[in-house]
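S.K.: sequence and predicted structure below; questions after.
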Amino acid sequence: MKSKLLVRPNLKLFLIGALLIAVAQELITNGQSETSILTWVGHKPASVQVELQRLLDLADKQPSADLYGRISGCFERVGDAKNARIFLRRAEAFADLDEE
């Protein structure tokens, strides 16, 4: 009697198994971090958005290194790494100006 087990493998099971392994690996390596792919990218707390808008308005009137650093931190919490780096560079530039 010949076995047909290896003739037609169930590809759905392979796909589900691969996904389960990927999710388990993600949970083990990055489960507790803020940059995990399992976190909601679109989820932005309203309080952070309100604080961010307030800090941006204040930065237009009175720019400072500390203020730009706080804005960078807000962008990091929201998940916008590009703007976080931009404002961190502005904070460093203002800190260099204050030293001179």
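M.R.: Yep, it's here.
S.K.: which parts of the protein are helices?
M.R.: If DSSP state H is used as the criterion, the helices of the chain fall at 11-30, 46-61, 65-78, 81-99.
S.K.: in the third one, what's buried?
M.R.: Read it as helix 65-78. 65, 67-78 (16 or more other CB atoms under 10 Å). Every residue, glycine included, has its C-beta placed from N, CA and C.
S.K.: next one: the last one
M.R.: Of the residues in helix 81-99, those with enough neighbours to count as buried (16+ other CB under 10 Å) are Ala84, Phe87, Leu88, Arg90, Ala91, Phe94.
S.K.: could you find the closest non-adjacent residue to the third one?
M.R.: Once its chain neighbours are removed from consideration, Leu88 has its nearest residue in Ser72; the separation is 4.3 Å (CB to CB, 6 or more residues apart in numbering).
S.K.: who's in contact with that neighbour?
M.R.: Residues in contact with Ser72 (CB atoms under 8 Å, 6 or more residues apart in numbering) are Asn83, Ala84, Arg85, Phe87, Leu88, Ala91.
S.K.: contact partners for the fourth one?
M.R.: I take that to be Phe87. Applying CB under 8 Å, 6+ apart, the residues near Phe87 are Tyr68, Gly69, Ile71, Ser72, Phe75.
S.K.: same check on Tyr68?
M.R.: Ala59, Phe87, Leu88, Arg90, Ala91, Phe94.
S.K.: what's the closest of those to Gln53?
M.R.: Nearest to Gln53 out of those is Ala59 (CB to CB; 10.7 Å).
S.K.: so what's the residue lying closest to the closest one once chain neighbours are set aside up against?
M.R.: Counting by CB to CB, 6+ apart, Ala59 lies nearest to Leu67, which is 5.2 Å off, once chain neighbours are set aside. Shown in contact with Leu67 (CB under 8 Å, 6+ apart): Leu55, Leu58, Ala59, Ala91.
S.K.: next, give me the two most distant ones among the contacts of Ser72.
M.R.: Asn83 and Ala91 (12.5 Å).
S.K.: on that earlier part again, now, of the contacts of Leu67, which are buried?
M.R.: Buried, going by 16+ other CB under 10 Å: Leu55, Ala59, Ala91, out of the contacts of Leu67.
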